[in-house]
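>>> need a 3D model of the following:
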Amino acid sequence: MSDIVRRDPRKEWIARNRLHPEHFAVLAELGGEGASPSEWIGPSGLIRRNPRAVGFIGPNGIKRIDRSGGQRGAQAAQGRRSQAGPTRRSVAIEEPAFLIAVVPDLAGGRLSSHDRDLLGLARQLADADPERPGAVLALTFGSHKETAFGDAGIDRLMAFDEAIFDGYAPEARLAALQAVERELAPRHWLLPDSSLGGGELGRRLAVRLGERAATQVWQVEADAEAPSGWRCTARASAGANDLRRPLPRVALALAECAEPVSETHHAARPLTLSQPLPEAFTRIEDGGAVAVDPAGVALAEAEFILSAGNGVRDWDAYHHAARTLGATEGASRVAVDDGFMPRDRQVGATGTWVTARVYVAVGISGAIQHLQGIQRCDKVVAINLDPGCDMIKRADLAVIGDAGAILEALVARVERERQGAEEQRDVA
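Okay, the predicted model is just below:
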C-alpha cells in the first residue's frame, strides 16, 4: 500500500466552505472515524482546524465551546442529514379563513421559477396570521405535466382541463376566473406579469372586477395603515422608479417577488365549482404555435440553449447537433473571441443574461461571468472532461466525457427516435 497522500480537490473545497450542505459530513470523512468536524487532515498530512466550526451558539446568543466532545456526534448527524437532503414539514389547512388565488403560467406544462416565486408571495399573504391562516388556491388551464404542486405551497388546486382552455383562449379563461370570483371571492388575485399570458389575463381580470391592478410588483410588505394590511412596491417609469401603494385585490408580480416555498409540503387538494361554467362566447380562434427557426431566436428569449465553449473542436458537428435538437446556439466568451461564434451569441455578464428552461454547456469550464449570465436558468446540463470545473459544480446534470463523442451519440439517438416515430405513423 502506498503512503502517498491522495488529494480530492472537491472535498477540500467543501471542507473550506462552511455554507455547503455537505460541509460537516466531508469534514468528518476527511478527519477519519471519530474525528471532530472542526478538524481534518490536509494535503500534507497535517491536522487542520477550522476556528469558525469550534463551539456552538447558545440560547442567549453567546458562542460556547464544548471541550467534552459531546457536540461531535450532533454535528456529524447534522452533516448526514444535510447530505441526504432536507425534509419538508407537512401542512394541511382544513378550514381556511380566506383564499389567495394564483394563476400560474405553467409554461411548457410545468411550474416555472416565476410561478414558484409567485406562489411564495401567496404563502406570505396566506400565513401572515397564524391564528387565522388562509389557503393558496391555484387555478390551472389545459393539460400540464406538473406533479409537485404541494411542494410549491398550494393548498387547493382547481384544474380547468377542458379542450376549450387549451392554447390561447383569454376569453374562456376569463369566464372561468369570474365564476371562481362569484363563488369563492378570493381575498387577492395574483398573476405573473409576464408575456406568456399571465400579464394579459391579469389586466383583463382587473377590468372585469373593476379593480385598479398593481403591475410590475416586486415586493410586498405588511402595513397596518393600508386597507388590505399590505403595501406593495412596483416598477414605474419604465423601471426607472419605484411606486409604493396599498396592495389591491389584483396584483401582477415580477420574478423574484418572494422566496419560493422550500420547507413545507402542502396538500394541494382538488377543488371544483358547485355550478357548471357558463358557455363562454369566444371571438378568438387559436391557430396553433408558429414554427420558428431556433437559430433566429434571441438568446434572452430562448427556452433551450446549446452553448459551446473552448472544449468544442468540431464546430460543424456542434451546429448539426443544435439543428437536430432544435436548440438555440450560444457560446462562451472564449469561443466568441476566437472567432468561432458571433458576438450576439455570447452568454454571460459581458454578453447576454439568459433565462432558458434548459441550458446545455458543452466544453465550458464556467468562468464567474458566464455563471452570472445563466443563474436564472431552470436546468443546467454540463458536458466536460474536467469533473472539478465550476460548471460541473453548478450543473443539475453533469456528463463527464469528450464533448464531440457525447454530442454525436445524442444526435444519433434523437434521429433514431424520430425515424421510429415516423415509421409508426406510416404503419398507422
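>>> tell me who's in contact with the residue positioned nearest the centre of the chain.
Ranked by distance to the mean C-alpha position of the chain (Cα atoms, centre = their mean), the top residue is Ser113 at 3.7 Å. The contact partners of Ser113, by Cβ atoms under 8 Å, 6 or more residues apart in numbering, come to 255, 260, 376, 378. Heads up, the C-betas are built off the backbone N, CA and C, glycines and all.
>>> got the phi/psi numbers for it?
phi -60, psi -30 (degrees, to the nearest 10).
>>> now Glu12
Torsion angles, degrees, to the nearest 10, at Glu12: phi -70, psi -40.
>>> cool, and Ala295?
According to degrees, to the nearest 10, Ala295 has phi -70, psi -20.
>>> counting neighbours, what do you get for it?
If you count neighbours by other Cβ atoms under 10 Å, Ala295 ends up with 12.
>>> can you pull the pLDDT of it?
pLDDT for Ala295: 80.
>>> tell me the average confidence for stretch 92-110?
89.
>>> measure that stretch end to end?
Stretch 92-110 has its terminal residues 23 Å apart, counting by Cα to Cα, to the nearest Å.
>>> per-residue pLDDT, the spatially closest residue to Thr355 that is not a sequence neighbour?
Closest residue to Thr355 apart from its sequence neighbours, by Cβ to Cβ, 6 or more residues apart in numbering: Arg376 at 4.7 Å. On pLDDT, Arg376 comes in at 83.
>>> which stretches in the stretch 101-250 of the chain count as strands?
135-141, 156-160, 188-192, 214-222, 230-236, 241-246, 250-253 (DSSP state E, counting those that start in this stretch).
>>> quick revisit: residues near the residue nearest to Thr355, how many?
Arg376 has 15 nearby residues by other Cβ under 10 Å.
>>> use 7 as the first number for this chain going forward.
Renumbered: residue one is now 7, and that last one reads Arg382.
>>> so it is in which element?
Using DSSP states H and E, Arg382 falls within no helix or strand.
>>> likewise for the one 5 residues further on?
Using DSSP H and E, Val387 sits in strand 385-390.
>>> show the subsequent helix or strand relative to that strand.
Counting by DSSP H and E, what follows strand 385-390 is helix 396-400.
>>> which parts of that next one are buried?
396-398, 400 (16 or more other Cβ atoms under 10 Å).
>>> tell me which residues are up against that helix.
16, 367, 370-374, 376-377, 380, 386, 388, 390, 392, 404, 406.
>>> could you check the pLDDT of the nearest residue to Pro15 once chain neighbours are set aside?
Residue nearest to Pro15 in three dimensions, not counting chain neighbours: Gly394, with 5.4 Å by Cβ to Cβ, 6+ apart. If you check Gly394, the pLDDT there is 89.
>>> may I have stretch 384-391 as PDB, with CA atoms only?
Written as PDB, here are the backbone C-alpha positions of stretch 384-391 (Å, rounded to 0.1, in the frame of the first residue of the first chain):
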ATOM      1  CA  ASP A 384     -34.100  26.400 -14.600                       C
ATOM      2  CA  LYS A 385     -32.000  23.300 -15.500                       C
ATOM      3  CA  VAL A 386     -28.300  23.300 -16.400                       C
ATOM      4  CA  VAL A 387     -26.600  20.400 -18.100                       C
ATOM      5  CA  ALA A 388     -22.800  20.400 -18.300                       C
ATOM      6  CA  ILE A 389     -20.700  18.300 -20.700                       C
ATOM      7  CA  ASN A 390     -17.000  18.500 -19.800                       C
ATOM      8  CA  LEU A 391     -13.800  16.400 -19.400                       C
END
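>>> picking that back up, can I get the contacts of Ser119 in TSV with distance to Leu125?
TSV is the format used below for the contacts of Ser119 (distance: Cβ to Cβ, whole Å):
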residue	distance to Leu125
Ala261	12
Pro266	7
Arg382	17
Asp384	15
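>>> just the buried ones among those residues, please.
Applying 16+ other Cβ under 10 Å to the contacts of Ser119 flags 261, 266, 384 as buried.
>>> per-residue pLDDT, Leu202?
81.
>>> number of nearby residues for it?
Residues near Leu202, counting by other Cβ under 10 Å: 16.
>>> apart from its neighbours in sequence, what residue is nearest it?
Once flanking residues are discounted, Leu202 sits nearest to Asp111: 4.4 Å by Cβ to Cβ, 6+ apart.
>>> next, the one you found: phi, psi?
For Asp111, the backbone dihedrals (degrees, to the nearest 10) come out as phi -70, psi -40.
>>> how close does it sit to Thr93?
29 Å (Cβ to Cβ, to the nearest Å).
>>> where does this protein have its least confident helix or strand?
Lowest by mean pLDDT, DSSP states H and E among the helices and strands of the chain is helix 76-90, with a mean of 43.
>>> contacting residues around Leu391?
317, 406-409.
>>> returning to that earlier point: surely the residue nearest to Thr361 touches Trp359?
Yes. At 7.2 Å, Arg382 counts as touching Trp359 under the criterion of Cβ atoms under 8 Å.
>>> export the strands of the stretch 107-256 of the chain as a markdown table, with columns for distance to Arg431 and mean pLDDT.
Listed next are the strands of the stretch 107-256 of the chain as a markdown table, based on distance: least, Cβ to Cβ, whole Å; pLDDT from 0 to 100:
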| stretch | distance to Arg431 | mean pLDDT |
| --- | --- | --- |
| strand 141-147 | 29 | 94 |
| strand 162-166 | 30 | 93 |
| strand 194-198 | 37 | 95 |
| strand 220-228 | 45 | 92 |
| strand 236-242 | 48 | 91 |
| strand 247-252 | 54 | 90 |
| strand 256-259 | 42 | 94 |
